[in-house]
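**Q** how would this look folded up:
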Amino acid sequence: MRAWVDLEGAVNVRDLGGLPLEGGGATAPGVLLRSDNLQGLSPGDVSQLVDDLGVRVVVDLRTGEEVRLEGPGPLAHEERVEIRHRSLYPEKGKLTDVLISKADGENPAVQYYLRYLADRPDSVVGALEDIADGPGPVLVHCAAGKDRTGVVVAMALAAVGVERQAIIDDYVATEERIVEIMARLRASPTYAPDLAGVTDESRKPRPEFLGRVLEVLDERDGGPVGWLASHGFDPAPLRSRLVEGRGL
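**A** Predicted structure coming up:
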């Protein structure tokens, strides 16, 4: 069963515990959460995340321009939470990267996901180190909680040995909330200009998008683990937190 976290001011929040590992076992609950934009969190939401769930680190994958326009969000005012900005810039569209442009060769979404890895490996690796080193549950988010968050979370899950189909299924789960996500983005002056004429259907996560990214990493780098190793990432600390029975 999907571990959704129901909040008033964010609609794509879930705990990544309970995902099956290759060879048996599962990821630990209460270690890694993923989310869409946190700008609209209510005081009750902040209390739920910080007091009830124990979130202590937020990895913000938004661009610097998004943070400037939207603000850091209510959790930035919570002294028990540290915000770590890990932009996957460069962005597309006028102000943000919620619009994925056309590209030659691979599907545009696949191209864009691969660019995150090519252009900002420091942010991808840094985000995984944040998860590994977090003093409590770590929440990773961007605007929709789908593309940038999807790639970073997929790399984290692959690094600890989550079954590939489970990684893809988690990515696709955002489809269940895509209508609500798009409504929130269209209501924001930051994102609305880039989404003019963009349909909800076109923004659904497709399993073949992330699946192809993982295939490309298999072909070029020996898989996500090989890519991470080539950028100096040691998965052992992440495994010690995120594998059930060895986490918090």
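**Q** Quick check: the residue nearest in space to the middle of the chain vs R80, distance?
**A** What sits nearest the mean C-alpha location of the chain, by C-alpha atoms, centre = their mean, is T149, with 1.7 Å. Separation of T149 from R80 (C-beta to C-beta, to the nearest Å): 22 Å. Any C-beta I mention is one placed from the backbone N, CA and C, and that applies to glycine too.
**Q** Likewise for Y171?
**A** In terms of C-beta to C-beta, Y171 sits 30 Å off from R80.
**Q** And the helices in the protein?
**A** Secondary structure of the chain (DSSP state H): helices at 43-47, 64-70, 108-119, 121-133, 148-159, 164-172, 178-186, 207-221, 223-230, 236-242.
**Q** could you redo these as TSV and give each row mean pLDDT and distance to R84?
**A** As requested, those are exported to TSV (pLDDT from 0 to 100; distance: least, C-beta to C-beta, whole Å):
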stretch	mean pLDDT	distance to R84
helix 43-47	98	18
helix 64-70	92	12
helix 108-119	93	17
helix 121-133	97	5
helix 148-159	98	12
helix 164-172	98	22
helix 178-186	97	23
helix 207-221	97	24
helix 223-230	98	18
helix 236-242	96	15
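**Q** To R14, which of the ones you listed lies closest?
**A** R14 lies closest to helix 164-172 among the helices of the chain, at 8.1 Å (C-beta to C-beta).
**Q** Which neighbouring elements make contact with that closest one?
**A** helix 148-159, helix 207-221 (3 or more C-beta pairs under 8 Å, 6 or more residues apart in numbering; DSSP states H and E).
**Q** most neighbours per residue, which of those?
**A** Counting by mean count of other C-beta atoms under 10 Å, helix 148-159 has the highest mean neighbour count of the helices and strands packed on helix 164-172, with a mean of 25.
**Q** For it, which helices and strands make contact with it?
**A** Packing partners of helix 148-159 (3+ C-beta pairs under 8 Å, 6+ apart): strand 32-35, helix 108-119, helix 121-133, strand 138-141, helix 164-172, helix 207-221, helix 223-230, helix 236-242.
**Q** would JSON lines of those with distance to L7 be doable?
**A** Below are the helices and strands packed on helix 148-159 laid out as JSON lines (distance: least, C-beta to C-beta, whole Å):
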{"stretch": "strand 32-35", "distance to L7": "8"}
{"stretch": "helix 108-119", "distance to L7": "26"}
{"stretch": "helix 121-133", "distance to L7": "20"}
{"stretch": "strand 138-141", "distance to L7": "11"}
{"stretch": "helix 164-172", "distance to L7": "19"}
{"stretch": "helix 207-221", "distance to L7": "25"}
{"stretch": "helix 223-230", "distance to L7": "29"}
{"stretch": "helix 236-242", "distance to L7": "22"}
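**Q** closest to L69 out of the ones you listed?
**A** Among the helices and strands packed on helix 148-159, the nearest to L69 by C-beta to C-beta is strand 138-141 (15.9 Å).
**Q** if we can go back for a sec, so for E201, which of the helices of the chain sits nearest?
**A** By C-beta to C-beta (comparing all of the helices of the chain), the closest turns out to be helix 178-186, at 8.4 Å.
**Q** which parts of the closest one are buried?
**A** Neighbour-count burial for helix 178-186 flags I178, I181, M182, R184, L185 (criterion: 16 or more other C-beta atoms under 10 Å).
**Q** among the helices of the chain, which is nearest T199?
**A** Among the helices of the chain, helix 178-186 sits nearest to T199 (C-beta to C-beta), with 8.5 Å.
**Q** So what touches the closest one?
**A** For helix 178-186, the external contacting residues (C-beta atoms under 8 Å, 6 or more residues apart in numbering) are 11-12, 36-37, 40, 98, 143-146, 174, 191-192, 195, 198, 200, 203-205.
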